[in-house]
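**Q** sequence first, then the predicted structure, then my questions.
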Amino acid sequence: MNQALFYYLNNFSGRLEWFDDIIVFFAKDFGYLLVLLFIGLLVFGKRTAVSKKKIFLFAGASVFLSRMIITEIIRAFYYCPRPFASDSVNQLLIHDYTGSFPSGHAAFFFALAMAVYLFSKGSPWKIQGLPLVFFIGAALIGISRVVAGIHWPLDILGGAVVGIFSSWIIYYFFKSKLQNPAKNSTINSNAEI
């Protein structure tokens, strides 16, 4: 099924030059726009400097955990050749023959999307549909990398799971760290009364 879906999506490439240009844009450059959007929300959003710092650190830790730690650990123990290494494909991007599972791009951008979601569900960023924009952006990046011939569909799914899971873990780690001092201050203030 992984191969069948790959060939179905990859067969859309190599037919129309303008379509290939769009795929290359999403596979290679669109991620920069998502990162700029995230930074723009931090810079121009109506949050305190402390809140912005927390969001930035949380998102950064989520992305780092997903892309630089979990993805690389998986790749160290499990090697999956990229589609162009083992089969004849329409390859729109030049890429090294490194392992493809899980997708580092998917892990990075789904971690970022989940970070935006987790901070949007509370009070920090109440922009309707903002998490959806990041999730759709992450999905477009992932799908375009399949169409471009450098990832299998399961690479993208694996990267999405790694990214979402990493962000969730970091969020709940930070959440518990933030709640403990509040409980301690409540206990101390009650003791003083």
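**A** Everything's here; your move. Given the structure is predicted, the values throughout are model-derived calculations rather than measurements.

**Q** average pLDDT for stretch 146-160?
**A** What stretch 146-160 shows for mean pLDDT is 95.

**Q** go on, stretch 19-32?
**A** pLDDT averaged over stretch 19-32 gives 95.

**Q** now it, how far from the centre of its chain.
**A** A distance of 16 Å separates the C-alpha centroid of stretch 19-32 from that of its chain, computed with C-alpha atoms, centre = their mean, to the nearest Å.

**Q** buried residues in it, which are they?
**A** Under the neighbour-count criterion of 16 or more other C-beta atoms under 10 Å, stretch 19-32 has 20, 23-24, 26-28, 30-31 buried. Any C-beta I mention is one placed from the backbone N, CA and C, and that applies to glycine too.

**Q** tabulate those residues (JSON lines), appending secondary structure and distance to Val89.
**A** Shown next, in JSON lines, are the buried residues of stretch 19-32 (DSSP: H, G, I helix; E, B strand; the rest coil; distance: C-beta to C-beta, whole Å):
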{"residue": "Asp20", "secondary structure": "helix", "distance to Val89": "13"}
{"residue": "Ile23", "secondary structure": "helix", "distance to Val89": "13"}
{"residue": "Val24", "secondary structure": "helix", "distance to Val89": "15"}
{"residue": "Phe26", "secondary structure": "helix", "distance to Val89": "17"}
{"residue": "Ala27", "secondary structure": "helix", "distance to Val89": "14"}
{"residue": "Lys28", "secondary structure": "helix", "distance to Val89": "17"}
{"residue": "Phe30", "secondary structure": "helix", "distance to Val89": "21"}
{"residue": "Gly31", "secondary structure": "helix", "distance to Val89": "22"}
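
**Q** which SS class is the residue nearest in space to the middle of the chain?
**A** By C-alpha atoms, centre = their mean, the mean C-alpha position of the chain lies nearest to Phe109, the distance being 1.9 Å. Secondary structure state of Phe109, per DSSP: H, G, I helix; E, B strand; the rest coil, is helix.

**Q** quick one: it and Gly137 touch, right?
**A** Yes - between Phe109 and Gly137 there is a contact under C-beta atoms under 8 Å: 6.7 Å.

**Q** who touches both of the two?
**A** 31, 34 (C-beta atoms under 8 Å, 6 or more residues apart in numbering).

**Q** quick one: low-confidence parts of this structure?
**A** 47-48, 50, 121-128, 176-193 (pLDDT under 70).

**Q** can you show me the helices along it?
**A** All helices of the chain, identified by DSSP state H, fall at 2-10, 17-24, 30-44, 49-63, 71-77, 83-86, 104-120, 130-147, 153-192.

**Q** that'll do, ta.
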